[in-house]
Every structure is written in C-alpha cells, then in structure tokens.
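1. attaching a predicted model along with its sequence, questions to come.
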Amino acid sequence: MPKNFIRKTYDRWIKKNHHRFLYRPWIAKSRKDAFVLMFDGLASELTCRIGKSGGSMFVHDSHGRYWDIISEFEVIEKRTVDGEYYCELCEDFCSPSPRYVTRTALWEEHIFEEMLAWVNEIQPDIQVCLYGSEEDPEVGYWVAQLLSKGSDKLKPEFHHTCFPAVRTKKESSE
C-alpha cells in the first residue's frame with residue numbers, strides 16, 4: 001500500500017529522532033489515511049492515532065474498548081499567499097500563529113515534536129485512571145485522567161480503575 005504524505009513525513013522524522021523518545025514508538029496499525037503508534041514501556045492501553053487532522057492519544061480499557069482521548073495534537077493546514085504553512089486552529093491562540101516554510105516542517109514541529117514532548121513527560125509514578133462504567137448507563141460519560149500515584153485528585157465517584165502508565169518489562173510480558 002502506498003504511503004501518504006503524513007506517513008512518509010513521520011517515517012523520515014522518526015528515523016532522525018527515535019533516540020529522543022523515553023518510550024520508543026512503533027507502528028501497531030497502518031491504514032491508507034492513518035496509522036496507530038504504541039510505545040515500548042508504556043501501557044498497551046495508550047495509543048496514538050495519527051491522521052490528516054494530526055494526532056490523538058487514546059486510552060482503551062483492558063478489553064481494548066475505547067475510553068477517552070487524553071491529548072490531541074491537531075492541525076488544520078493553511079497556506080499564506082506567500083506560500084508559508086500554518087495551523088488555522090492556532091490562529092485563535094497565537095497572533096499570528098507560527099509560519100513554516102514547508103508542509104513537512106509544519107507537521108514535524110506541530111504534531112511530531114508535540115507528541116514527543118507529551119510522551120516524554122510521562123513519569124514512572126503516573127497512573128491512568130478511568131471513570132465511568134459500561135455496566136452503569138446512568139454515569140453518562142467515560143473519562144480518563146493521568147495522575148501521580150497517591151494523588152488527592154482521584155475522583156472516587158464513578159471511578160472504574162487505575163493502572164500504571166509505565167510498564168516494567170515483566171508487566172509488559174504478562
């Protein structure tokens with residue numbers, strides 16, 4: 001299957017930057033319009049989907065069911081009359097938003113570097129906490145939250161489960 005611009009750009013970028021990740025990414029699934037990354041050392045319930053609108057970090061429960069998006073690295077590509085690239089979403093927050101000479105540079109800085117920074121912030125004491133319940137439709141929502149172990153921010157109401165974001169080699173092989 002031929003690779004699209006985003007996948008080709010990622011492949012070139014990761015070849016030069018793989019060593020910067022604390023948790024090495026690998027492609028778990030590849031489709032025509034998107035691909036899914038998993039990370040060595042992180043819980044298998046955490047995945048990153050990269051497609052035409054950027055990247056999203058997903059949380060799944062232990063059965064593989066989607067639970068929540070815990071981070072997004074979005075982009076709406078636009079081009080100036082001078083041929084520079086920028087993200088239309090950022091125009092509302094940065095005045096003006098950063099400009100990039102190439103579309104590749106926009107994706108590298110705006111999506112892949114942001115994903116790298118987010119992944120590298122995950123420390124060994126971080127827990128992924130899931131709220132909601134498939135057994136209780138009254139709950140009305142499913143939410144995931146990253147918290148330090150022993151955090152007082154854990155919401156006991158509607159709490160489903162917590163698991164470590166970082167897995168040891170032994171936990172990963174079980």
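-> Ah, there it is.
2. measure A165 to K149 for me?
-> 10 Å (CB to CB, to the nearest Å). Using the backbone N, CA and C atoms, a C-beta is placed for each residue, glycine as well.
3. for T9, same thing?
-> Applying CB to CB to T9 and K149 gives a distance of 36 Å.
4. quick check: longest helix of this protein.
-> helix 5-17 (DSSP state H).
5. next one: it to chain centre, how far?
-> Here the centre of helix 5-17 is set off from its chain's centre by 16 Å, with CA atoms, centre = their mean, to the nearest Å.
6. then that helix to PDB, C-alphas only?
-> What follows is helix 5-17, C-alpha atoms only, in PDB (Å, rounded to 0.1, in the frame of the first residue of the first chain):
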ATOM      1  CA  PHE A   5       2.400  12.400   2.900                       C
ATOM      2  CA  ILE A   6       1.800  12.200   6.700                       C
ATOM      3  CA  ARG A   7       3.200   8.600   6.900                       C
ATOM      4  CA  LYS A   8       6.200   9.400   4.700                       C
ATOM      5  CA  THR A   9       6.900  12.600   6.800                       C
ATOM      6  CA  TYR A  10       6.700  10.600  10.000                       C
ATOM      7  CA  ASP A  11       8.900   7.900   8.700                       C
ATOM      8  CA  ARG A  12      11.600  10.400   7.800                       C
ATOM      9  CA  TRP A  13      11.200  12.300  11.100                       C
ATOM     10  CA  ILE A  14      11.300   9.200  13.400                       C
ATOM     11  CA  LYS A  15      14.400   7.900  11.600                       C
ATOM     12  CA  LYS A  16      16.200  11.100  12.800                       C
ATOM     13  CA  ASN A  17      14.500  11.400  16.200                       C
END
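7. helices or strands up against that helix?
-> Where contact means 3 or more CB pairs under 8 Å, 6 or more residues apart in numbering; DSSP states H and E, helix 5-17 is packed against strand 46-51, helix 103-107.
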